[in-house]
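Colleague: Just need the structure, nothing else, for what follows:
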Amino acid sequence: MISGLAELKHAIEGITGRIDVLTGLPLRHGLDAVFIQCRRDARREARRCFLAMIDVDHFKSVNDRFGHPAGDEVLVHVARTLRAALRENDPLIRYGGEEFLALLRCDDVAAAELAACRLLEALRGASIELGPGRGLRLTATIGLAEALNEDTLQTTLMRADRALLRGKLNGRDRHVVALARDGSST
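Modeller: Alright, predicted model coming up:
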């Protein structure tokens, strides 16, 4: 009986360490396995796997202006909004802070861009009330990278991150696609 309880405790600790208690989303700890599975599924479906790195624009100002509890509300709201805008089988992961990752299986770059636009529109259209007369309209910037045949999770993340940075430098509230292994993007 005691060994059974210890096993249960160990299993619960393993699960809770992989789920963000705030948003209910998986954390990045199991990202390698999710990435590999996305690539397998995409190949089986004759599709391509894309990684979307999503960063909430000006999130620090939310915490500074409304306080950290409101910032937590915003993160929960963002997670729900993004989850609702994705297909059920597209993984959404809390990467850290105000960054989220979505793994998309799409036919081509145009379909991945359409998915990124859907995510951006969903956030723009889902303002959150943080108290009477304290509505907040949210935007995000997305770096989108295709997982090429020779890519690892790290190289795909690096390209998506570079595309995200380029989007932020060019005004935010947009998506940018990393086109090549060298990090160039449009």
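
Colleague: going forward, measure contacts between C-alpha atoms and count neighbours the same way
Modeller: Fine.

Colleague: so where is the chain shaky, pLDDT-wise?
Modeller: Applying pLDDT under 70 to the chain picks out residues 1-17, 180-186.

Colleague: how about the strands in it?
Modeller: All strands of the chain, identified by DSSP state E, fall at 48-56, 92-96, 99-106, 128-129, 135-136, 140-146, 175-178.

Colleague: Contacts made by the fourth one with the rest, please.
Modeller: Strand 128-129 is contacted from outside by 74, 77, 135, 136, 137, using C-alpha atoms under 8 Å, 6 or more residues apart in numbering.

Colleague: from the residues you listed, which is closest to residue 43?
Modeller: Residue 43 lies nearest to residue 77 out of those, by C-alpha to C-alpha, at 32.6 Å.

Colleague: for residue 135, what are its contacts?
Modeller: Taking C-alpha under 8 Å, 6+ apart, we find residue 135 in contact with 127, 128, 129.

Colleague: Return the distance of the second one relative to residue 107.
Modeller: In this view, residue 128 and residue 107 are 33 Å apart by C-alpha to C-alpha, to the nearest Å.

Colleague: Count the neighbours of residue 71 for me.
Modeller: Here the number of neighbours of residue 71 (other C-alpha atoms under 10 Å) works out to 20.

Colleague: Sounds good, over and out.
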